[in-house]
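> Any chance you can model this:
(one chain, ligands or ions: 1)
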Amino acid sequence: MAVPYRRKSRSRSRMHRAATMKYQPVGNTTCANCGEPKLTHRVCSVCGYYKNKPVLESVEQD
Ligand SMILES: [Zn+2]
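The predicted structure is shown next:
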């Protein structure tokens, strides 16, 4: 909740910030095809798969 900054000590606002605004890494998942870590909603850079389908032709093996 917004409180006038003089009403809240530096310590308190920092404690609140630490508790609420924890660092969350950008969406990381593992590829369904090869299991390598990848970003969500992005084509896998290792095997070129997206939504269980090969999207990047250059990376296709067969
Ligand atoms: Zn992959």
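
> quick one: H41 from the ion, how far?
14 Å (C-beta to the ion, to the nearest Å). Every residue, glycine included, has its C-beta placed from N, CA and C.

> Figure out the helix or strand that that residue lives in.
If you go by DSSP states H and E, H41 is not part of any helix or strand.

> Need the pLDDT of it.
Looking at H41, its pLDDT reads 86.

> again with S11
What the model reports for S11 is a pLDDT of 94.

> State whether it is indeed within a strand.
No: with DSSP: H, G, I helix; E, B strand; the rest coil as the criterion, S11 is located in helix rather than a strand.

> Determine the number of other residues adjacent to it.
Applying other C-beta atoms under 10 Å, we find 8 other residues in the vicinity of S11.

> swap in C31?
19.

> in terms of contact, does it touch G48 like I think?
No: using C-beta atoms under 8 Å, C31 makes no contact with G48, being 9.8 Å away.

> For the chain, which segments are assigned as strands?
Secondary structure of the chain (DSSP state E): strands located at 28-30, 37-39, 49-50, 53-54.

> What's the mean pLDDT across the first one?
If I follow you right, that is strand 28-30. The model assigns strand 28-30 a mean pLDDT of 83.

> before we move on, the earlier item: dump the strands of the chain into CSV; add mean neighbour count and distance to the ion as well.
What follows is those, written out as CSV (neighbours: other C-beta atoms under 10 Å; distance: least, C-beta to the ion, whole Å):
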stretch, mean neighbour count, distance to the ion
strand 28-30, 11, 8
strand 37-39, 15, 6
strand 49-50, 18, 5
strand 53-54, 12, 10
